[in-house]
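Asks: sequence-free structure coming up:
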């Protein structure tokens, strides 16, 4: 596994998944965003208006800070799960980047299933709103199916 620093491979994947916008835009949840999926802080929101250009150096600083936070959380989560699989660390890092480092609170049953090694259940928990019914997909799966599929593939490799 990596030494705790985001891997080049993961950063490239993240940039492709998120895009790298030089302008501030409003994301699908209504938040001001720029660079590689960086949600603007309160202070940054005062500085940048929608459509404002953001210097590449600032965007790189945002990416470095945001990706390190997500990757370090993933390393801790992988350690807690006793995973030594680099693909899973990177998948967890992507989940942390997109949903935040407290994503386990949003998907407690998926986390519990991962901890117990019940991977089929973990997959069902992230894909479906009600895994027993399987007729309605989760909001996450509906909004960003490619990212959910990436996570599912990493779980399937365990």
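Replies: Okay, I see it. On a predicted model such as this, the values are computed, not experimentally measured, just so you know. Numbers count the residues shown, from 1 in each chain.
Asks: helix or strand for residue 73, which one?
Replies: Assigned by DSSP states H and E, residue 73 belongs to helix 56-81.
Asks: what's the offset of that helix from the middle of its chain?
Replies: Its chain's C-alpha centre and that of helix 56-81 lie 10 Å apart, by CA atoms, centre = their mean, to the nearest Å.
Asks: which helices and strands does whichever helix or strand comes after that helix pack with?
Replies: Using DSSP H and E, the helix or strand that follows helix 56-81 in sequence is helix 86-99. Contact partners of helix 86-99 among helices and strands, from 3 or more CB pairs under 8 Å, 6 or more residues apart in numbering; DSSP states H and E: helix 8-18, helix 56-81, helix 103-106, helix 145-156. C-betas here are computed from N, CA, C, even on glycine.
Asks: adding mean pLDDT and mean neighbour count, write those helices out as a markdown table.
Replies: Converted to a markdown table, the helices and strands packed on helix 86-99 look like this (pLDDT from 0 to 100; neighbours: other CB atoms under 10 Å):
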| stretch | mean pLDDT | mean neighbour count |
| --- | --- | --- |
| helix 8-18 | 95 | 16 |
| helix 56-81 | 97 | 17 |
| helix 103-106 | 95 | 16 |
| helix 145-156 | 96 | 16 |
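Asks: now the longest strand along the chain and helix 56-81, what's the angle there?
Replies: Determined from DSSP state E, the single longest strand within the chain is strand 21-26. Counting by axes from the mean of the first three to the mean of the last three CA atoms, to 10 degrees, strand 21-26 lies at 70 degrees to helix 56-81.
Asks: which strands and helices sit next to the helix or strand just after strand 21-26?
Replies: Sequence-wise, the next helix or strand downstream of strand 21-26 (DSSP H and E) is strand 32-35. If you count contacts as 3+ CB pairs under 8 Å, 6+ apart, strand 32-35 packs onto strand 21-26, helix 56-81.
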